[in-house]
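**Q** need coordinates for the below:
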Amino acid sequence: MNGLKRHRSQSTNINDHNNEEIGKFPRISSSEMSITTKELVKSCKTCLEDLSNELIYEIFEYLDGYDIYQGFFNLNERFRNVCMNVNFSIEMNISSLPKRTFQYFYEQFILPQKHQIISLHLVDIFIIDFFTSLFENIPKCYQLRSLFLGKMKSTFLEQLLPDLSFLLNLSSLSIYVSNGSNKMTIYNQIFQLSTLKYCKIHFERNIPLGSKSLSSNFLSSIEHFIIIDNVDLDEVDMILSHTPKIRRLSITYQHEFCLTETVIFLMILNNSTHISVVSNLLPRKSIKEFLEKYSRNIKILHVSSAQYSTHFNTWKPSISPYMPHLHTVDVHQLITGLCNDTRQIYHSVYDPYISTLPRIRQQFFSHVPMSIEYLHEIFCSLRPFRKKFFTFNDELYTAKCKCYNKVNCDSVEHITIEDINVFHNSLKYFPNVTELTFSKRSIVNGDEQLIDRLRQTILFSRLNTLNMNNISSELGILIKILQFTFNVHTLTWVNIQETPHDLLSIQESEIFRLVSKRNQIKNLVIKNTYTKKMMEVLIHLCPHLQYISFGYSHRSINATLDYLLSKINETTCHLFSLCIFNTDLSWSEEWEHRIKSNDDSDNYSTKFIDGKYYWWSDI
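**A** Predicted coordinates for the structure are as follows:
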């Protein structure tokens, strides 16, 4: 085995839509189903016994570590031995397993096989604890190539990173850096990982570099570096001086305050290296000093932000002495002909404030004259991964730029509907979309043709994530969509506070009953306001929920938690993971006491980290 997962072949035939309608399949009685299932299991087991180990290994290449454990480990002694002698990739995502189930998996399968693991994707803070409680666990994964670590205590991370230098195959690393970490220490430790090619660091809050110096003895092998943080050009200079093989450096500022002062700073170097920085820490002096050092290596420099930014009038005199050719473009967010990719870039930086920005100014600097078409395409290459996204908005059909026509529908995985009329008039088909979003700008209430149009645009069988806006106007639409989507596992709502005026008729409808029986939604995220009543409605609609995330609400939090954690509540019998955000320590301690008073067992764990309260339990 080469250790790499194979991709299943995926049909993109638009006629596959015809196979998705409910009611196309013959009904089977309970007795027939029982007999059929027993015969199928017996037949499958017999067929598997006849397969050679080599063919079983081929099957394993399509499976995750837990799939192997769940499907084969306990079949018999032969399959257990086969499972214990194969490279596998394990990806553990949030709310993936109940507490006790994961403990068995960890003790029986992961620990004995840690030297065979080639990929670890750890997001859930409780599961991360299993791997970091003993620091030799991850460094003992000698074949590890890719490591993704979600939020963990800063002290644990700084103790773990030096030990990763023993992983001689590690080429990809993604980490989340919590409050309290020393940024220079993190950089020092990462730059000492000699085999690293890809690295992504997400700093929870803006952390200054501090006075501690960076070791000059190490030159990193990193080629693709992504940083989520607010930095100045001194920090960019420091990073470039220690990453001589860098081909793409992307630094993005994601906090929502002072966005009118945020600057997009893009450089294309002579060796085709792309460097993009989104920050509000780029004063005139910093730009001037940076260009004195790098101007000979820069092929194109692009700078843009709001017209009335304090940076606006300082760029030209700071840059022109080094790169004399200037092309200026004033970009208004409503002008016709604005490229959809450009809108996406600016929305990703300034949204939700873009509507308050009267004008954005782009300035391109170069050593020699270049066409505006070429410069525009360079700007749209700022975030090539955005090609996986597509938005239906009011500028879609007025776009005149070539880059719009280059959109590859097959590569799009996430579509967002901002303007419902534009969506209805579109003829595009996206065969590989897995995520669908209705933005706050779209209006879908009472749209009878929406479902038919969606089925002509995406393949419902591939859809696994739905993002809705307001439950008062979109609950009916959600239920209609769920009629035809059997693989949706994650549902996100912005607001579930207002009650739909026809809620009773919706709940009593036959379609509500059928959808509640057939949908497989396991994760529910509520971003903003909610009520206990509407939370109950969603739980009855999605009875297989395992993970729920929602925020603190003075009026609704206690009643909602009492309902969710009630032992006699059959509708939440599958629930084993909660995340409550925007809380404080006193509230979390109060609820810790309430939970302990009602449950004196050890089948649950809780944590409070950075304003979030986590609960993890057995089913």
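**Q** need the helices for the stretch 101-250 of the chain, in chain order.
**A** 111-113, 125-132, 154-160, 183-191, 233-241 (DSSP state H, counting those that start in this stretch).
**Q** same question for the shortest one, mean pLDDT?
**A** Rounded to a whole number, the mean pLDDT of helix 111-113 is 84.
**Q** mind putting the helices of the stretch 101-250 of the chain into TSV with distance to residue 295 and mean neighbour count?
**A** (Glycine included, C-beta is placed from N, CA and C.) Output for the helices of the stretch 101-250 of the chain, formatted as TSV (distance: least, C-beta to C-beta, whole Å; neighbours: other C-beta atoms under 10 Å):
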stretch	distance to residue 295	mean neighbour count
helix 111-113	53	15
helix 125-132	44	20
helix 154-160	37	17
helix 183-191	25	20
helix 233-241	13	18
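**Q** let's have the ones you listed in TSV, adding distance to residue 570.
**A** Output for those, formatted as TSV (distance: least, C-beta to C-beta, whole Å):
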stretch	distance to residue 570
helix 111-113	35
helix 125-132	25
helix 154-160	38
helix 183-191	47
helix 233-241	54
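**Q** residue 474: which of those helices is closest?
**A** helix 125-132 (31.3 Å; C-beta to C-beta).
**Q** could you measure the nearest residue to residue 253 once chain neighbours are set aside against residue 80, distance?
**A** Spatial nearest neighbour of residue 253, excluding adjacent residues (C-beta to C-beta, 6 or more residues apart in numbering): residue 230 at 4.3 Å. Distance, residue 230 to residue 80, using C-beta to C-beta, to the nearest Å: 51 Å.
**Q** compare neighbour counts for these two and give me the winner.
**A** residue 230 (23 against 16; other C-beta atoms under 10 Å).
**Q** wait, what's in contact with the more buried one?
**A** Counting by C-beta atoms under 8 Å, 6 or more residues apart in numbering, residue 230 touches 206, 253, 255, 279, 280, 281.
**Q** do I have it right that residue 475 meets residue 504?
**A** No - applying C-beta atoms under 8 Å as the test, residue 475 and residue 504 come out as separate, 12.0 Å apart.
**Q** which of the two has more neighbours?
**A** Each of residue 475 and residue 504 has its neighbours counted (other C-beta under 10 Å); residue 475 has more, 25 against 10.
**Q** so that one: helix, strand or coil?
**A** For residue 475, the assignment made with DSSP: H, G, I helix; E, B strand; the rest coil gives helix.
**Q** that one and residue 495, how far apart?
**A** Relative to residue 495, and taking C-beta to C-beta, residue 475 is found at 12 Å.
**Q** just the CA atoms of stretch 281-288, as PDB, please.
**A** Below are the C-alpha coordinates for stretch 281-288, written out as PDB (Å, rounded to 0.1, in the frame of the first residue of the first chain):
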ATOM      1  CA  LEU A 281      -0.800  47.100  10.600                       C
ATOM      2  CA  LEU A 282       0.900  48.400   7.400                       C
ATOM      3  CA  PRO A 283       1.900  52.000   8.000                       C
ATOM      4  CA  ARG A 284       3.900  54.100   5.500                       C
ATOM      5  CA  LYS A 285       7.300  53.600   7.200                       C
ATOM      6  CA  SER A 286       6.800  49.800   7.300                       C
ATOM      7  CA  ILE A 287       6.000  49.600   3.600                       C
ATOM      8  CA  LYS A 288       9.000  51.800   2.700                       C
END
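**Q** how about that stretch, which residues are buried there?
**A** Residues of stretch 281-288 classed as buried by neighbour count (16 or more other C-beta atoms under 10 Å): 281, 282, 286, 287, 288.
**Q** count of neighbours near residue 589?
**A** Residue 589: 12 neighbours (other C-beta under 10 Å).
**Q** and what of residue 501?
**A** So residue 501, with other C-beta under 10 Å, has 10 neighbours.
**Q** and it, that's in a strand?
**A** No - assigned with three-state DSSP, residue 501 falls outside any strand and is coil.
**Q** list the contacts for it?
**A** residue 472.
**Q** next one: phi and psi at it?
**A** phi -70, psi -20 (degrees, to the nearest 10).
**Q** got it, and residue 577?
**A** According to degrees, to the nearest 10, residue 577 has phi -150, psi 130.
**Q** look up how far residue 178 lies from it.
**A** Residue 577 is 20 Å from residue 178, by C-beta to C-beta.
**Q** run a quick neighbour tally on residue 513.
**A** For residue 513, using other C-beta under 10 Å, the count is 13.
**Q** please disregard the earlier target; I meant residue 226.
**A** 17.
**Q** OK, contacts around the nearest residue to it once chain neighbours are set aside?
**A** What sits nearest to residue 226 in space, not counting adjacent residues and going by C-beta to C-beta, 6+ apart, is residue 200, at 4.2 Å. Residue 200 makes contact with 173, 174, 175, 225, 226, 227, 228, according to C-beta under 8 Å, 6+ apart.
**Q** ok, residue 269 next?
**A** By C-beta under 8 Å, 6+ apart, the neighbours of residue 269 are 275, 294, 297, 298, 299.
**Q** re earlier: identify the farthest-apart pair in the contacts of residue 230.
**A** 255 and 281 (11.7 Å).
**Q** and the contacts of residue 269 as CSV, adding distance to residue 585 and secondary structure?
**A** CSV is the format used below for those (distance: C-beta to C-beta, whole Å; DSSP: H, G, I helix; E, B strand; the rest coil):
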residue, distance to residue 585, secondary structure
275, 41, strand
294, 46, helix
297, 49, helix
298, 48, strand
299, 52, strand
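**Q** derive a ChimeraX selection command for the buried subset of the residues you listed.
**A** Selection of buried members from those for ChimeraX, criterion 16+ other C-beta under 10 Å:
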select :275,294,298,299
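**Q** now pLDDT and distance to residue 457 too, for the contacts of residue 269, in CSV please.
**A** Shown next, in CSV, are these (pLDDT from 0 to 100; distance: C-beta to C-beta, whole Å):
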residue, pLDDT, distance to residue 457
275, 92, 36
294, 89, 45
297, 89, 44
298, 90, 42
299, 90, 39
